[in-house]
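1. Next one to model:
(one chain, ligands or ions: 1)
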Amino acid sequence: MTSTPTVPTQDELKAQVGLAALAHVPADAVIGVGTGSTVNHFIDALARQRVALRGAVSSSVASTERMRAHGIPVLDANDVDSVAVYIDGADEIDAQGFMIKGGGAALTREKIVASLSDCFICIADESKLVQTLGAFPLPVEVVPMATRRIARRFAERGGQARVRLRDGQPLVTDNGQHILDVTGLRITDPLAFELEVSQWPGVVTVGVFARQKARIGLLGTAAGVRTLRFG
Ligand code: 5RP
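-> Numbers count the residues shown, from 1 in each chain. You can find the predicted model right below:
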């Protein structure tokens, strides 16, 4: 009797790449750790496999709490010069390794920790691979008093910006700011877009990761982990 192969769920694909990322963690290193459901699988795999680490620099309160619960030492970003690798998920990634991030509202600290490493390893299920960034609503962390002005600037570019809510109130990030989610954009030049939007007064961080792009992508697929290397 032959059995029909089961299609892995998105969460199983995330677990697959969370585990695969362990092969990219050097022994006794200080690493950077991102935020989100895919990274949660990575953190759990680190703990399960008892990977020896000097410590981890965390990109969010949520990841810090999860690592501490597992006994993984969490270091302050100000106490390290660099991290060996930075491992994080993405909401979208293109064929150059440019990404949209911030679906979990942790984009500012993610960009800071990513900047401590030359090796961003993006772990994601294959649905995150896109041709052009922008179908996923672009997260932008903003100082609340600048929200309307920034929303108008996006409108001039054809985007519709909405304040992200939690329980009916503006979501407050780990940094005490708000998030705008911007739909209707097609980001054909991520480097130029990131540079421009980052300069608008009141923008704390734009969720385009072009300067801090991925060097390696580990994509979970039904056929196994697909590894992409970006220049
Ligand atoms: C959090 C992020 C996440 O990496 C991104 O939202 C992907 O999340 P998930 O792994 O849950 O799909 O940028 O700010």
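2. per-domain residue ranges of this structure.
-> Using automatic domain parsing, the domain parsing of the chain gives 10-131+211-229, 138-207.
3. Just send those back as TSV, with distance to residue 3 and mean neighbour count too.
-> Where C-beta positions appear, they are placed from N, C-alpha and C, glycine not excepted. As requested, those are arranged in TSV below (distance: least, C-beta to C-beta, whole Å; neighbours: other C-beta atoms under 10 Å):
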stretch	distance to residue 3	mean neighbour count
domain 10-131+211-229	15	20
domain 138-207	42	17
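4. Indicate which one of the ones you listed is closest to residue 4.
-> Proximity to residue 4 (C-beta to C-beta) singles out domain 10-131+211-229 among the domains of the chain, at 12.9 Å.
5. end-to-end on the closest one?
-> Its first and final residues considered, domain 10-131+211-229 spans 22 Å by C-alpha to C-alpha, to the nearest Å.
6. So what's the gap between that domain and the chain middle?
-> Distance of domain 10-131+211-229 from the chain centroid (C-alpha atoms, centre = their mean, to the nearest Å) equals 7 Å.
7. Dump the domains of the chain to TSV, plus distance to residue 2 and mean pLDDT.
-> Listed next are the domains of the chain as TSV, based on distance: least, C-beta to C-beta, whole Å; pLDDT from 0 to 100:
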stretch	distance to residue 2	mean pLDDT
domain 10-131+211-229	18	98
domain 138-207	45	98
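8. Now name the helix or strand holding residue 147.
-> Element membership for residue 147, per DSSP states H and E: helix 147-156.
9. Please save the CA atoms from that helix in CSV.
-> Below are the C-alpha coordinates for helix 147-156, written out as CSV (Å, rounded to 0.1, in the frame of the first residue of the first chain):
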residue,chain,number,x,y,z
THR,A,147,2.7,59.8,11.8
ARG,A,148,0.4,62.0,9.7
ARG,A,149,3.2,63.8,7.9
ILE,A,150,4.9,60.5,7.1
ALA,A,151,1.6,58.9,5.9
ARG,A,152,1.2,61.9,3.5
ARG,A,153,4.6,61.4,2.1
PHE,A,154,3.8,57.7,1.4
ALA,A,155,0.5,58.8,-0.2
GLU,A,156,2.5,61.0,-2.6
